[in-house]
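# When you get a sec, could you give me coordinates for this:
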Amino acid sequence: MVIMISLSPRDAPYRLTMLVLLTLPGAAVPADWHVTPTLRLRESYSDNSNLAPPQQARGEFTTEVSPGIEIGTDGPRLQLTLSYALQKVAYSRQADRTNHVLDAGGHAAVLPDWLFLDARASISRYNVSAFGPQQFDPTQVTGNTSTVHSTSVSPYLHHYFQGLATAELRYDYQRVDSGGLLSVRSSGANLQLTGDNGGRGWNWSLRLDRRRIDDAALPPVTMSDAAFTLSYPLNGNLALSGTGGYEKNDYHATGTRPQGGYWSAGATWSPSPRTRIAASVGRRYFGNTASLEAEYRMRNMFWTLNYHEDITTMHGEFLSIAPAGLSDFLFDLWATRIPDPETRRRTIKVFMAISRLMGPDGNVNFFSHRYYLQKQLELATVYSTPRSTLGISLSNARRDAQTSSAIDSVLLGPDQLTLTDRTRQSALQAGWSWRMTARDNLTVSASHNRVKSLTDGRADRNSALVLSLTRQLQNQVSASVNLRHVRHNSNAGGNYRENGVSAALTVAF
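Okay, the predicted model is just below:
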């Protein structure tokens with residue numbers, strides 16, 4: 001079987017990652033595979049496809065033809081999921097467009113207990129700025145979107161030395177590219193040693209990190225980190241821990257030099273297999289820090305609460321891996337409703353995507369070459385019954401720039417450079433899915449996002465309401481109808497509203 005995906009010459013790293021993902025089977029024992037070609041036909045209408053102010057709004061019919069393929073396996077030595085689609089969109093009043101959509105990830109045990117390999121690749125369109133028009137549907141056309149290609153290849157050695165420690169030595173290569181707007185490559189090595197005391201008394205871990213980041217708009221940056229952690233279990237439910245370390249980063253900060261010693265102290269409480277809370281406080285070169293991770297699982301409900309503070313970059317956020325707790329909960333809970341595991345994964349992915357219209361946490365990861373101090377809080381829950389599922393997410397994120405705004409002039413323009421010096425975003429998202437019959441499913445989702453520049457005072461609000469009705473016509477054929485209402489308000493002007501309707505037919509061969 002031959003799979004061909006047409007990409008431009010500058011996409012060599014993504015072709016390499018795809019090659020790695022598709023040749024991983026050579027390192028694996030026989031396992032069950034599914035290879036499913038797909039075809040999606042979609043007709044839609046929008047009364048404001050360019051997301052323009054009311055006096056400039058115009059209606060537009062679109063026709064979308066989207067062939068694709070899904071590949072997956074979940075064996076003892078290889079786990080792989082790959083989904084690719086080529087979107088051809090024809091407009092009634094403007095030029096046609098072609099989009100590539102890719103989401104692929106794999107893990108292989110090349111030499112069990114020793115050598116492993118992780119690889120990821122994605123192609124998707126994202127909003128460039130958190131301010132201004134925000135794209136919710138691939139047929140909408142604004143000047144605020146760009147296609148982002150991201151890839152990550154990470155081979156590593158992992159081995160358990162009985163009575164001594166578990167050792168992991170990892171090399172990681174990453175790249176994020178978006179045409180002339182962004183081109184970032186990074187490579188790094190990480191050594192992690194975790195002591196083995198047989199679960200009795202004190203334990204320890206040592207972490208050494210070094211990473212080089214090459215941004216086309218900046219001089220190379222090197223980030224180094226070394227940390228030592230001690231932990232002690234007070235009893236079977238409660239453990240205390242403390243960390244001390246030193247970090248050195250050479251990006252050109254506008255304030256405190258990004259280096260120095262740091263510390264943190266925390267505790268982990270697990271009163272039952274269904275409940276876990278981990279919290280810590282500490283101090284780094286940019287000030288006091290705190291973190292919280294909590295989850296609570298009931299028979300039909302799952303809660304998560306997370307708070308983190310860290311130095312982050314836009315390209316780092318694109319490559320971050322979202323927590324899997326909510327999707328794992330649904331995967332186990334829907335085992336009787338959707339017995340086939342691959343169909344179950346696709347259904348969960350669609351539900352999570354519909355519920356989260358703007359981003360993984362409802363906020364916009366705006367384009368920037370700058371380094372930020374990000375403080376993020378998120379509360380999420382999923383409640384499921386045999387016929388319905390409700391998901392709700394609340395999030396709040398603040399970013400304070402640590403480097404000069406001048407490097408973002410190409411992205412924002414000289415008159416908007418201070419917009420992203422200090423920003424705060426908050427989002428509320430909700431999605432409800434109701435299995436009406438064995439063949440029919442109704443999904444309603446709502447999203448509201450607010451982004452404010454704490455420097456300039458600009459505040460934008462984005463709201464969306466989407467209703468989707470899906471019917472399984474045959475075993476491999478489904479049809480859907482979608483209605484949406486989108487609204488954008490800003491104290492800087494440019495308010496708009498958009499209503500859209502679409503009908504789609506999806507065939508899996």
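
# Could you use CA atoms for every contact and neighbour count after this?
Noted.

# could you point out which element follows the helix or strand of the chain with the lowest mean pLDDT?
Least confident element among the helices and strands of the chain, by mean pLDDT, DSSP states H and E: helix 12-23 (a mean of 52). The helix or strand immediately downstream of helix 12-23 is strand 33-46, counting by DSSP states H and E.

# What helices and strands are in contact with that next one?
In terms of contacts (3 or more CA pairs under 8 Å, 6 or more residues apart in numbering; DSSP states H and E), strand 33-46 is packed against strand 60-74, strand 496-508.

# How about Thr286, nearest residue that isn't a chain neighbour?
Check again: residue 286 is Phe, not Thr. Thr256 (7.0 Å; CA to CA, 6 or more residues apart in numbering).

# got it, and Tyr84?
Computed as CA to CA, 6+ apart, the closest residue to Tyr84 that is not its neighbour in sequence is Leu102, at 4.5 Å.

# Quick check: that neighbour is in a strand.
Yes. Under DSSP: H, G, I helix; E, B strand; the rest coil, Leu102 sits within a strand.

# Helix, strand or coil: sort out Gln416 for me.
Per three-state DSSP, Gln416 ends up helix.

# and the gap between it and Leu442?
Distance of Gln416 to Leu442, given as CA to CA, to the nearest Å: 42 Å.

# More neighbours: those two, which one.
Using other CA atoms under 10 Å as the criterion, Gln416 and Leu442 rank with Leu442 on top: 19 against 13.

# what residues are up against the more buried one?
Ser433, Trp434, Arg435, Met436, Leu467, Ser468, Leu469, Thr470 (CA atoms under 8 Å, 6 or more residues apart in numbering).

# Would you check how far apart the first one and Ser447 are?
Taking CA to CA as the measure, Ser433 and Ser447 are separated by 15 Å.

# From Ile123, how far off is Gln134?
From Gln134 to Ile123 the distance is 18 Å (CA to CA).

# Compare those two (neighbour count), which wins?
Gln134 (25 against 22).

# buried residues in stretch 293-301?
Glu293, Ala294, Glu295, Tyr296, Arg297, Met301 (16 or more other CA atoms under 10 Å).

# try stretch 486-498
For stretch 486-498, using 16+ other CA under 10 Å, the buried residues are Val486, Arg487, His488, Asn489, Ser490, Asn495, Tyr496, Arg497, Glu498.

# hang on, the earlier thing: could I get the contacts of Leu442 in JSON lines, plus columns for neighbour count and pLDDT?
As requested, the contacts of Leu442 are exported to JSON lines (neighbours: other CA atoms under 10 Å; pLDDT from 0 to 100):
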{"residue": "Ser433", "neighbour count": "22", "pLDDT": "89"}
{"residue": "Trp434", "neighbour count": "18", "pLDDT": "91"}
{"residue": "Arg435", "neighbour count": "16", "pLDDT": "88"}
{"residue": "Met436", "neighbour count": "14", "pLDDT": "92"}
{"residue": "Leu467", "neighbour count": "19", "pLDDT": "94"}
{"residue": "Ser468", "neighbour count": "19", "pLDDT": "93"}
{"residue": "Leu469", "neighbour count": "18", "pLDDT": "95"}
{"residue": "Thr470", "neighbour count": "20", "pLDDT": "92"}
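
# which one of those residues sits closest to Asp96?
Closest approach between the contacts of Leu442 and Asp96, by CA to CA: Ser468, at 25.5 Å.

# Tell me where the stretch 401-509 of the chain has helices.
In the stretch 401-509 of the chain, the helices defined using DSSP state H, counting those that start in this stretch lie at 409-412.

# quick one: low-confidence ranges for it?
Applying pLDDT under 70 to the stretch 401-509 of the chain flags residues 412-415.

# rerun at 80
409-417 (pLDDT under 80).

# now do the stretch 251-400 of the chain
320-363.

# which residues in the stretch 351-500 of the chain form strands?
For the stretch 351-500 of the chain, strands defined by DSSP state E, counting those that start in this stretch occupy the ranges 371-384, 388-401, 422-435, 440-453, 459-474, 477-490, 496-508.

# ok, Leu373 - contacts?
Glu309, Asp310, Ile311, Thr312, Arg398, Arg399, Asp400, Ala401, Gln402.

# what about the fourth one, how many neighbours?
Just to be clear, that refers to Thr312. Thr312: 17 neighbours (other CA under 10 Å).

# can you count the residues close to Arg93?
11.

# ugh, wrong one, I meant Val364
Counted with other CA under 10 Å, Val364 comes out at 23.

# wait, it sits on Asn127?
Yes. Val364 is within contact range of Asn127, at 7.2 Å (criterion: CA atoms under 8 Å).

# Might one say that Gly260 is in contact with Lys248?
Yes. Using CA under 8 Å, Gly260 is in contact with Lys248, at 6.5 Å.

# Neighbour count for the two, which is higher?
Ranked by neighbour count (other CA under 10 Å), Gly260 and Lys248 place Lys248 first, with 17 against 14.

# Can you tell me what sits against the helix or strand hosting the more buried one?
Secondary structure assignment for Lys248, by DSSP H and E: strand 238-249. Contact partners of strand 238-249, identified using CA under 8 Å, 6+ apart, comprise 221-234, 258-271.

# Following element in sequence after that strand, please.
Past strand 238-249, the next helix or strand by DSSP H and E is strand 259-272.

# who touches that next one?
Here strand 259-272 has contacts from 237-249, 276-285, using CA under 8 Å, 6+ apart.

# quick check, nearest of the contacts of Leu442 to Leu379?
Ser433 (19.7 Å).

# beta partners of that closest one?
When bridges are called by DSSP bridges, Ser433 pairs up with Thr389, Thr443.
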